[in-house]
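> My questions are about this predicted structure, shown below with the sequence.
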Amino acid sequence: MNSSFPDASFCPLIYGPVLSRRHGRSLGINLGIPNQKVCTWGCIYCQCGMGERREIKPSERNVSAREIVSLIGITLKEDPKIDSITFAGNSEPTAHPDFFEIIQGILSLRKELQGEWIINCLTNGSELDRSQVIEACALLDDIWVKLDCGIDDLFQRFNRPLSRIGGLRGHVGRIKKLKDISIQTLVWRSDESPKLSNWTNENKRALLKLYSDLKPRKIHLTTIARDPAVSKLKAVPKTELLEFADQVKKLGLALEVFE
C-alpha cells in the first residue's frame with residue numbers, strides 16, 4: 001500500500017512519502033493502473049516509459065473512490081508528517097471518473113486529522129473541458145498544468161496527445177478555464193538528435209509569448225531528472241535554465257527553477 005515508486009513499469013495507488021524537488025515530503029497518489037502506464041498523453045520524456053496512449057476502461061478500475069480515500073487515511077495515520085499529497089503517477093489523475101469525490105474525501109480527511117499538508121495535482125489538462133474537473137481543481141491548494149511546447153508541431157510530436165484533445169490551441173484554451181493558473185514546463189535537449197529537443201530558441205520565444213498571455217500565478221521550470229521514455233533526451237544545464245528564467249521574470253511573472 002505505502003511504497004516507493006520502484007520502476008517505470010509499476011506505480012502503486014499510494015507511494016512514498018517521497019522527497020520531491022517541488023513539493024517537499026510528498027505522499028503520491030496514482031489514480032491509474034498500478035502495473036501499466038495508460039495516459040491521455042504520451043510524452044517522450046515520461047519517467048514511466050511510453051506505455052499506452054489511450055483512455056482507461058471502466059473495467060480496468062477495481063478500487064472505488066471510497067476505498068481510495070480510506071487507504072489514504074490509513075497511510076496518513078501511520079505517517080502523518082508530510083508536506084503534501086500529490087496526485088501524479090503513470091496516468092492523468094483528473095481522468096478518473098470520481099476525481100471530484102476523491103478530492104472531497106481527502107479534504108474531509110485533512111480536517112479530521114488536522115493536517116497542515118497541501119493537496120496538489122500534476123495534470124496535462126486534457127480533462128479541463130469537464131465542469132466537474134474544473135470544480136475539483138478549484139478545491140485543490142495547487143494545480144500544476146503542463147506546458148512544455150509553445151509550437152503546435154512540437155506539442156503534437158513530443159507530448160503526443162490523444163486525437164480528441166486536439167492541438168496546442170485547444171490545450172491553451174483549456175488551461176484558461178482555470179481561475180488560478182500554475183504552469184509546469186519541462187525542457188530537454190538532445191545533442192544526438194537535435195530534432196528531438198524542445199530547448200530551441202523558437203520554442204523558448206513561443207513559451208514566453210504563451211506565459212505572457214496566460215499570466216500564471218507561478219511557473220515551475222524543470223528538466224530531465226530521471227530516465228526518460230526516449231533515452232536520447234538530456235537535461236538542460238542550470239546556467240541556461242537561469243538565463244531563460246531571467247527572461248520570464250522580465251515579464252513580471254514568478255518562476256522557480258528546478259535542476
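Sure thing, it's come through.
> Give me the below-cutoff pLDDT ranges for the protein.
1-9 (pLDDT under 70).
> how about the strands in it?
Remark: strands assigned in the chain by DSSP state E are 2-3, 14-20, 24-29, 38-39, 52-53, 84-87, 118-123, 142-146, 182-187, 218-223, 255-258.
> Show the contacting residues for the residue nearest to Thr40 when sequence neighbours are not counted.
Of all residues not flanking Thr40 in the chain, Ser126 sits nearest, at 4.2 Å (CB to CB, 6 or more residues apart in numbering). C-betas here are computed from N, CA, C, even on glycine. Ser126 is in contact with 40-41, 92, 94-95, 161-162, 165, 174, counting by CB atoms under 8 Å, 6 or more residues apart in numbering.
> separation between Ser126 and Pro93?
11 Å (CB to CB, to the nearest Å).
> One more: Lys204?
According to CB to CB, Lys204 and Pro93 sit 28 Å apart.
> Please identify which of these two sits among more neighbours.
Pro93 (23 against 18; other CB atoms under 10 Å).
> Once you drop chain neighbours, what's closest to that one?
Phe87 (3.9 Å).
> Just grab the bridge partners of the one you found for me.
Assessed by DSSP bridges, Phe87 has beta-bridge partners Ile29, Cys121.
> Could you report the neighbour count for the nearest residue to Arg21 once chain neighbours are set aside?
Of all residues not flanking Arg21 in the chain, Phe258 sits nearest, at 4.7 Å (CB to CB, 6+ apart). By the measure other CB under 10 Å, the count of residues near Phe258 is 15.
> Touching, Phe258 and Trp144? I think so.
No - Phe258 lies out of contact with Trp144 (CB atoms under 8 Å); the separation is 11.9 Å.
> where do the contact lists of the two overlap?
With CB under 8 Å, 6+ apart as the test, Phe258 and Trp144 both reach His220.
> Single out the most deeply packed of the strands of the chain.
For the strands of the chain, the largest average neighbour count (mean count of other CB atoms under 10 Å) is found in strand 84-87, namely a mean of 25.
> Mind giving me the packing neighbours of that one?
Helices and strands touching strand 84-87, by 3 or more CB pairs under 8 Å, 6 or more residues apart in numbering; DSSP states H and E, are strand 24-29, strand 118-123.
> what sits up against that strand?
Contacts for strand 84-87 (CB under 8 Å, 6+ apart): 20, 23-29, 31, 72, 93-94, 106, 117-123.
> that older thread, now the residue nearest to Thr40, what are its backbone angles?
Main-chain torsions, Ser126, degrees, to the nearest 10: phi -70, psi -20.
> And for Ser70, the neighbour number?
Residues within reach of Ser70, counting by other CB under 10 Å, total 14.
> From Glu202, how far off is it?
49 Å.
> One more: Val18?
For Val18, the distance to Glu202 - CB to CB - is 35 Å.
> now do Gly170
From Gly170 across to Glu202, the span is 21 Å (CB to CB).
> same question, Trp117
40 Å.
> Just the closest of the contacts of Ser126 to Lys232, please.
Comparing those against Lys232 with CB to CB places Trp41 closest, at 19.1 Å.
> Could you measure from that closest one over to Leu162?
Trp41 is 8 Å from Leu162, by CB to CB.
> higher neighbour count, those two?
Counting neighbours by other CB under 10 Å for Trp41 and for Leu162 shows that Trp41 has the greater number, 20 against 14.
> of the contacts of Ser126, closest to Asp180?
Arg174 (14.6 Å).
> Once you drop chain neighbours, what's closest to the closest one?
Excluding the flanking residues, the one nearest Arg174 by CB to CB, 6+ apart is Leu128, at 3.8 Å.
> so what's the one you found up against?
Shown in contact with Leu128 (CB under 8 Å, 6+ apart): 94, 134, 137, 145, 174-175, 177-178.
> and the gap between it and Leu154?
Computed as CB to CB, the Leu128 to Leu154 distance reads 21 Å.
> Good, we can wrap up now.
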